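Student: any chance you can model this:
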Amino acid sequence: MMPRWPWVALGLLGTGSHASEAVRAPYEDRVLDEVPQAVEEAEPVTPDTGWRRGGSMELQSLRQGGLNRIRNETLQLDGYLDTPNHGTFSADLNINRYRNRITGDPLAGRTGNPYSLSYRDGSTGRIDQRAMPLGNDWFASNSIGDINSAATPLSRGMGRVYLASLPIEGLSSSLEQGNRTLLNVSAGRLGFFEGLDSQGFALGRGRAMTFGAQQRIGGDDSLLGIGRSDAALQWVETRDANLNGLPGFAQDTRSFWGAVSWQGQAPWAESIGQGIGPVQERPGGLRVQAAYAHSTGRPSDSHSLAPRDSASGLWLDASWRGDWIQQGVSVFHFDPALRWGSSPIAADLRGASWRGDMSTRQWQLSANAEASESVSGMQGRSVFGNLYGRYRFDSRDALALTLAARSGRQAAQSLQLNWEHISPQWGQSQWRADFAHGERQRLARVGVDHQWPVGESSSLSTTLAFEQSRQFGLSTHSVIWGVLGSLPFLAGGRLDLSARGSHGIGDSPSRYLNANARVMWPLGAGWSLIAQYTAARGREPFNPAVVSALTTAMQAPVYMTPSNRSMQVALRWEASAGVNLAPIGGAAGVGSGRLEGHVFFDQDGNGQREAGEGGVPNVTVTLDRRYVARTDAQGYYAFPAVAAGSYRIEVVPDNVPLPWAVASRDGVVAQVHVRSTAVADFAVQRER
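Tutor: Down below sits the predicted model:
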């Protein structure tokens, strides 16, 4: 059925033109006739018979240029099925057929005629089964395909040190009884998620097997229970792990992690006050967690003559809130060569840290201090301090300042100034000035982020900055820019644009580009046409903020993004049907809508997605802890056919790179309406 709004708009325009010429009739008070009135025809609804189900089918054709010329045809299948006795099934399958022709060898300097031609067939994907009832309040969840190894909630529930989950091609299973007991196991071949244009999984060398358990040992079952205590353990073994493919770096590792936690009333408090959130965020509340890790196996150093190595780590975190201030302390000790399976944990470091945060509706003040030293003595000692303040003058203006300094081998200082201004006519602006100074390097960056008022159905934000840096005697000048937008397109379509980059000025050779433009046209009857252009080149300019030694120890290595460009065209069909079983507040037989969003790196910590902030790829997103989706290379996720109702959306931080963490760990609630798109974005923030 053709939408009614164009005819309504034409009718209003016609009425306005005639009214300007006719004489206005005198006002007459009228009363509706006491007879049955006409009822507006209801919106069509999805069929309400059978189990709740839905899905999409998409045929993609990709052409990519660069070092490799790739032609890729993909059949992508996504779907879900909600059953009363076997839980909810979600599927994401990609059946690929592609041709890869290498056009040049950067090491030998050869370009031009192809010297290698290869054909390859492959499929990637996963199938998830969530919340299958087993009786006596037990539920089972299973996953198979390109997934992440299972983990217990305590391994990511508190503090600054988390266990990394391992990307595997295999299976995982977990059993859970309410909030009391959890068991998990997973096994598979090691690999890593890749793909700039479409989701992919590349197998590395090695195998992994994990086992974990978590048990409530005191207090009630509620996650906010007073006096609750829990214990958890996780074990992982990796064999012949060699993700970089270089000889001499294969590892066999066994790792163990255990933790205990307690939450309740602080000994110095008289009671726990009212509030929203975890116990430690309420006045008088306290939460403590202690963790221990141990790894043993073949040495990580290929030049070591030792047959095996052994390392341990211990860290303690506590968080509590008083009447005015939220505080937290950490104590940590990590031996050299400590690792979690094929992934490293913060190693060769010991020390302690403190943080405090206090705020009102008008201002916020937080501070962080850390003292640490190298266990082996190779890195020396380091002291880190951070001060953040924000003051809101009125409803339109706010000023923020961040000052950080670090001593020791990597001594540096940084200063960030932000001024936020809201204009009813021009939108919201954030003027920024960033300065950093360290050993043999200096950086200064000034710029503005702006969100433009372009209408309810559209969005547009821009970033423009000028940067001057000097590293190891080399000076560079760059212009950094970004555009992020979404707006209606021709014939009911929609254009989504994300582009950011930097360009060197003068003799500065540095350049960076990451662009993604996506257009979708609805064709009717569940069909739509999608066209997407993607380009990547160089490495993104780093954020000039100075971080602590513990944050540095947890950071993953940064790799150069391969230079390429691609064009993708896809034809999609999607539909949903069945009785609505799962949604919160939903009703059986209602219509459906779409739910989508982005998981993004919140560089400035303001919780808003801006043009200069990139997406987090290959992160699992769950809907009501039953339906599963995964973000693409731009951090975008979607549930294409969702029954109208209220839903809780959560991010599983399986592939979020440390030390970044999801700002909203408890998720957000999104309301989906019939024939509309609900948006839920998630910020991933780094320790300040």
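
Student: what about residue 457, distance to residue 486?
Tutor: The spacing between residue 457 and residue 486, counted by C-beta to C-beta, to the nearest Å, is 9 Å. Just so you know, the C-beta spots here come from the backbone N, C-alpha and C atoms, and that holds for glycine as well.

Student: pLDDT at residue 390, what is it?
Tutor: On pLDDT, residue 390 comes in at 93.

Student: which strand or helix spans it?
Tutor: If you go by DSSP states H and E, residue 390 is part of strand 381-392.

Student: quick one: buried residues of that strand?
Tutor: Going by neighbour count (16 or more other C-beta atoms under 10 Å), the buried part of strand 381-392 is 382, 383, 384, 385, 386, 388, 390, 392.

Student: more neighbours: which of residue 457 and residue 486?
Tutor: Per other C-beta atoms under 10 Å, whichever of residue 457 and residue 486 has more neighbours is residue 486, with 18 against 10.

Student: follow-up on the earlier one: so how far is the next helix or strand after the strand holding residue 390 off the chain centroid?
Tutor: Next helix or strand after strand 381-392 toward the C-terminus (DSSP H and E): strand 397-406. Relative to its parent chain, strand 397-406 has a centroid offset of 25 Å by C-alpha atoms, centre = their mean, to the nearest Å.

Student: same for strand 397-406, what does it pack against?
Tutor: Strand 397-406 is packed against strand 381-392, strand 412-423, with contacts defined by 3 or more C-beta pairs under 8 Å, 6 or more residues apart in numbering; DSSP states H and E.

Student: what's the following helix or strand after the last one?
Tutor: Tracing the chain past strand 412-423, the next element assigned as helix or strand by DSSP H and E is strand 427-438.

Student: by contact count, what packs against that following strand?
Tutor: Checking 3+ C-beta pairs under 8 Å, 6+ apart, strand 427-438 ends up next to strand 412-423, strand 441-452.

Student: show me what contacts residue 593?
Tutor: Residue 593 makes contact with 642, 644, 672, 673, 674, 675, 676, 677, 678 under the criterion C-beta atoms under 8 Å, 6 or more residues apart in numbering.

Student: swap the cut-off to 10 Å and go again
Tutor: By C-beta atoms under 10 Å, 6 or more residues apart in numbering, residue 593 lies in contact with 576, 639-645, 671-678.

Student: which one is it nearest to, not counting chain neighbours?
Tutor: The spatially closest residue to residue 593, leaving aside those adjacent along the chain, is residue 672, at 4.4 Å (C-beta to C-beta, 6 or more residues apart in numbering).

Student: show me where pLDDT drops low in the stretch 551-688 of the chain?
Tutor: Where the stretch 551-688 of the chain drops to pLDDT under 70, the residues are 555-562, 578-592, 658, 687-688.

Student: so residue 330 touches residue 351, yeah?
Tutor: Yes. Counting by C-beta atoms under 10 Å, residue 330 touches residue 351, with 8.7 Å between them.

Student: quick check: neighbours shared by those two?
Tutor: Common neighbours of residue 330 and residue 351 (C-beta under 10 Å, 6+ apart) are 370, 550.

Student: so which residues of the stretch 551-688 of the chain form strands?
Tutor: Along the stretch 551-688 of the chain, counting by DSSP state E, counting those that start in this stretch, strands occupy 561-577, 592-601, 620-623, 627-630, 636-643, 645-652, 660-662, 668-672, 677-679, 682-686.

Student: just checking: what are the partner strands of the longest one?
Tutor: Translated: strand 561-577. Partners of strand 561-577 in the sheet, by DSSP bridges, are strand 52-66 (antiparallel), strand 527-538 (antiparallel).

Student: rank those by mean pLDDT and give me the bottom one.
Tutor: Least confidently modelled of the strands paired with strand 561-577 is strand 52-66, at a mean of 77 by mean pLDDT.

Student: got a list of what the residue nearest the centre of the chain touches?
Tutor: The centroid of the chain falls nearest to residue 599 when counting by C-alpha atoms, centre = their mean (3.6 Å). Shown in contact with residue 599 (C-beta under 10 Å, 6+ apart): 609, 615-621, 631, 634-637, 651, 653, 655-656, 662, 680-684.

Student: who does the closest residue to residue 85 other than its chain neighbours bridge with?
Tutor: Distances taken as C-beta to C-beta, 6+ apart place residue 133 nearest to residue 85, at 6.7 Å, with adjacent residues excluded. As for beta bridges, residue 133 partners with residue 139 under DSSP bridges.

Student: mind listing the helices in the protein by residue range?
Tutor: In the chain, the helices defined using DSSP state H lie at 5-19, 549-554.

Student: where among those is the average confidence lowest?
Tutor: Of all the helices of the chain, the minimum mean pLDDT falls on helix 5-19 (a mean of 33).
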